[in-house]
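**Q** Fold the following, please.
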Amino acid sequence: MDAKRKRIAIIAGAVVIALAVALSLAWKYTSLGDVLTLANITGMIEAVSGKWWAPVLVVLLYTPACLVMFPRALITLAAAVVFGPLKGFAFAMTGVVLSAFLLHWAGGHVKESTVRRIAGPRIEKLKKMLRKEGLWAITLVGLLPVAPFSVEMIVAGALRVKYRHLLPGVALAHLPGTIGTTLIGDQVMAAMTDGRQINRLVIAAVVVMVVAVGFATRRAWRRLEAA
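**A** Numbers count the residues shown, from 1 in each chain. Sure, this is the predicted structure:
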C-alpha cells in the first residue's frame with residue numbers, strides 16, 4: 001500500500017472510531033435511547049418487510065447498534081418476530097459477523113495509542129486474551145463480558161488478530177445467544193398470533209442453554225488461563 005492510500009485508510013479508520021465515540025455519547029446523554037426501542041425497531045422492520053432490501057437493512061443495523069452500545073438482541077428479536085426464527089437467525093449472524101469485520105478493519109488502521117485512549121485500562125486484559133489469536137481464545141473472549149463488542153473488535157484490529165481466527169470465533173461466540181434470542185422472538189410472535197400458543201418448554205430450554213453456556217465458558221477460560 002502506497003503512502004497516500006495508507007493515509008486515507010488511517011483517516012477512514014479514525015473517522016469510524018470517532019463516530020463510535022460520538023454515537024456512544026449521544027446514546028448515553030441524549031434522547032436517542034428513548035427512540036430506539038424494541039417496539040419502534042419492530043415497527044420499522046415490519047413497515048419495510050416487503051421490500052427486497054429489508055434483509056439488507058436488518059443486517060446493516062447491527063454495526064451502528066454496537067457502536068452506540070444498543071442491545072443487538074432487540075434487533076434479533078424484532079427480526080425473528082417479523083421474518084421468523086430461521087431468517088431472523090441468518091440475518092442476525094450475518095450482521096454480527098459483518099460488524100466484527102468492519103470494526104476490526106477500523107482498528108487495524110489506527111495507532112494502538114488511539115485505541116488505548118478509547119478502551120482505557122481494559123486494553124491490557126484484552127491484549128493478553130486476543131494475542132493468543134487462537135479460534136478458541138477469540139470465542140471465549142466473545143462469550144465473556146470482558147468489554148463492549150465494539151471495543152473488543154477495534155482492539156482486535158489494532159493487535160492484528162487474523163480474520164481466519166476472528167470471524168469464526170465471533171460467529172461461535174454469538175451462536176448460543178442468537179439461537180436463544182430467535183427462539184424467544186418466535187415465542188413472542190406466537191403470543192401475538194391467533195391459533196398459536198407459547199411453548200414453555202422452548203423458553204425453559206433457552207434459559208437452561210444460556211446458564212449452561214455461561215458456566216462452561218467460565219470453566220474453559222479458567223483452564224485456558226492456567227495453561
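**Q** Would you mind finding the longest helix in this structure?
**A** Criterion DSSP state H: the longest helix present in the chain is helix 163-192.
**Q** packing partners for the following helix or strand past that helix?
**A** Where DSSP states H and E defines the elements, the next helix or strand beyond helix 163-192 is helix 200-226. For helix 200-226, the elements it packs on are helix 135-143, helix 163-192, judged by 3 or more C-beta pairs under 8 Å, 6 or more residues apart in numbering; DSSP states H and E. Just so you know, the C-beta spots here come from the backbone N, C-alpha and C atoms, and that holds for glycine as well.
**Q** which stretch in those is the model least sure about?
**A** Lowest mean pLDDT within the helices and strands packed on helix 200-226: helix 135-143, at a mean of 81.
**Q** For that one, which outside residues touch it?
**A** 126, 129-130, 149, 152, 156, 161, 165-166, 168-170, 172-174, 176, 213-214, 217, 220-221, 224 (C-beta atoms under 8 Å, 6 or more residues apart in numbering).
**Q** ChimeraX command to pick out the buried ones of the residues you listed?
**A** In ChimeraX syntax, the buried subset of those is picked out as below (16 or more other C-beta atoms under 10 Å):
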select :126,129,130,149,152,156,161,165,166,169,170,172,173,174,176,213,217,221
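**Q** any idea how far Ala92 lies from Pro148?
**A** Between Ala92 and Pro148 the computed distance is 18 Å (C-beta to C-beta, to the nearest Å).
**Q** for stretch 79-86, what is the average pLDDT?
**A** Stretch 79-86 comes out at a mean pLDDT of 88.
**Q** check contacts around Ile184.
**A** Applying C-beta under 8 Å, 6+ apart, the residues contacting Ile184 are Leu77, Ala80, Ile203, Val206.
**Q** try Gly88
**A** Counted by C-beta under 8 Å, 6+ apart, Gly88 has contacts Thr76, Ala79, Ala80, Val81, Val82, Thr182, Gly185, Asp186.
**Q** surely the last one meets Gly84?
**A** Read it as Asp186. Yes. Using C-beta atoms under 8 Å, Asp186 is in contact with Gly84, at 7.0 Å.
**Q** In terms of neighbours, single out the busier of these two.
**A** Asp186 (21 against 14; other C-beta atoms under 10 Å).
**Q** picking that back up, wait, which of the contacts of Gly88 is closest to Met44?
**A** Val82 (9.6 Å; C-beta to C-beta).
**Q** For the helix or strand harbouring that closest one, list the C-alpha coordinates in PDB.
**A** In this assignment (DSSP H and E), Val82 forms part of helix 72-83. The C-alpha trace of helix 72-83 is given here as PDB (Å, rounded to 0.1, in the frame of the first residue of the first chain):
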ATOM      1  CA  ARG A  72     -28.400  -6.000  19.500                       C
ATOM      2  CA  ALA A  73     -30.500  -8.800  20.900                       C
ATOM      3  CA  LEU A  74     -33.500  -6.400  20.400                       C
ATOM      4  CA  ILE A  75     -32.800  -6.300  16.700                       C
ATOM      5  CA  THR A  76     -32.600 -10.100  16.600                       C
ATOM      6  CA  LEU A  77     -35.900 -10.300  18.500                       C
ATOM      7  CA  ALA A  78     -37.500  -7.900  16.100                       C
ATOM      8  CA  ALA A  79     -36.100  -9.700  13.000                       C
ATOM      9  CA  ALA A  80     -37.400 -13.100  14.400                       C
ATOM     10  CA  VAL A  81     -40.800 -11.600  15.100                       C
ATOM     11  CA  VAL A  82     -41.100 -10.100  11.600                       C
ATOM     12  CA  PHE A  83     -39.300 -12.700   9.400                       C
END
